[in-house]
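Chemist: Have a look at this prediction, sequence included:
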Amino acid sequence: MRKLEITNAKKKQLIIQQEILRSEESRYGHRLHGVLMISRGMSCGDVARWLGQDTTTVERWVKRFNSDGCDGLREGEHTGRTKRLTATQWEETWEVLRQNPRDFGYPQNLWDGKLLSHHLAASFDVTIGVRQCQRMFHEMGLRLRKPRPVIANADPEAQAAYKKTPPHDEQ
């Protein structure tokens, strides 16, 4: 009998691995197969290569299986990193961001990530990076606005004459 082959094997391997990651049950079955291979004498490195995983990942599966049995291979809670701001600080920050930065002694009219990072460090002694502060705006349902650029040495009368719509007082 002729050996069976899968056409486009490399591409199909990626498709299969993505399919395994799609559901909780298939990931659980994937881990079970890994532990079964270990129980049959394969090394963690060999199993990792066969299943397209990192060796450390397979080692963790074995440790979890040894301590908790099959339940140790099921999906667990993914809590993520703990928040740097408490719920109260988050609420206070939301209230602050609804006000003008000048009300807090800052020389600019609009909040941005850099200013918020500075404000959180000064107010709560919490260091949060500029990019994370920008994400906070989004998470709070606020949007970052950028001030309109001011042209140096511009003639205000010439600018007003160039505008498509007249100023509010002329309407």
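Modeler: Nice, I can see it. None of the values given here were measured: they were computed from a predicted structure.

Chemist: pLDDT score for His78?
Modeler: Looking at His78, its pLDDT reads 69.

Chemist: Could you do Arg143 as well?
Modeler: Reported pLDDT at Arg143 in the predicted model: 82.

Chemist: from memory it sits against Phe137, does it?
Modeler: Yes. Between Arg143 and Phe137 a contact is recorded at 6.8 Å, counting by Cβ atoms under 8 Å. Glycine gets a C-beta too; all of them are placed from N, C-alpha and C.

Chemist: Of those two, give the one with the bigger neighbour count.
Modeler: Between Arg143 and Phe137, Phe137 has the larger neighbour count (other Cβ atoms under 10 Å), namely 17 against 7.

Chemist: care to break the chain down by domain?
Modeler: Domain assignment for the chain, taken from automatic domain parsing, gives 13-73, 87-139.

Chemist: For those domains, could you give me TSV that also reports distance to Glu5?
Modeler: Formatted as TSV, the domains of the chain follow (distance: least, Cβ to Cβ, whole Å):
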stretch	distance to Glu5
domain 13-73	13
domain 87-139	47
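
Chemist: In TSV, list those along with mean pLDDT.
Modeler: Listed next are the domains of the chain as TSV, based on pLDDT from 0 to 100:
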stretch	mean pLDDT
domain 13-73	92
domain 87-139	93
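
Chemist: residues in contact with Lys164?
Modeler: By Cβ atoms under 8 Å, 6 or more residues apart in numbering, the contact list for Lys164 is empty.

Chemist: Name the SS class of it, please.
Modeler: The three-state assignment at Lys164 reads coil, by DSSP: H, G, I helix; E, B strand; the rest coil.
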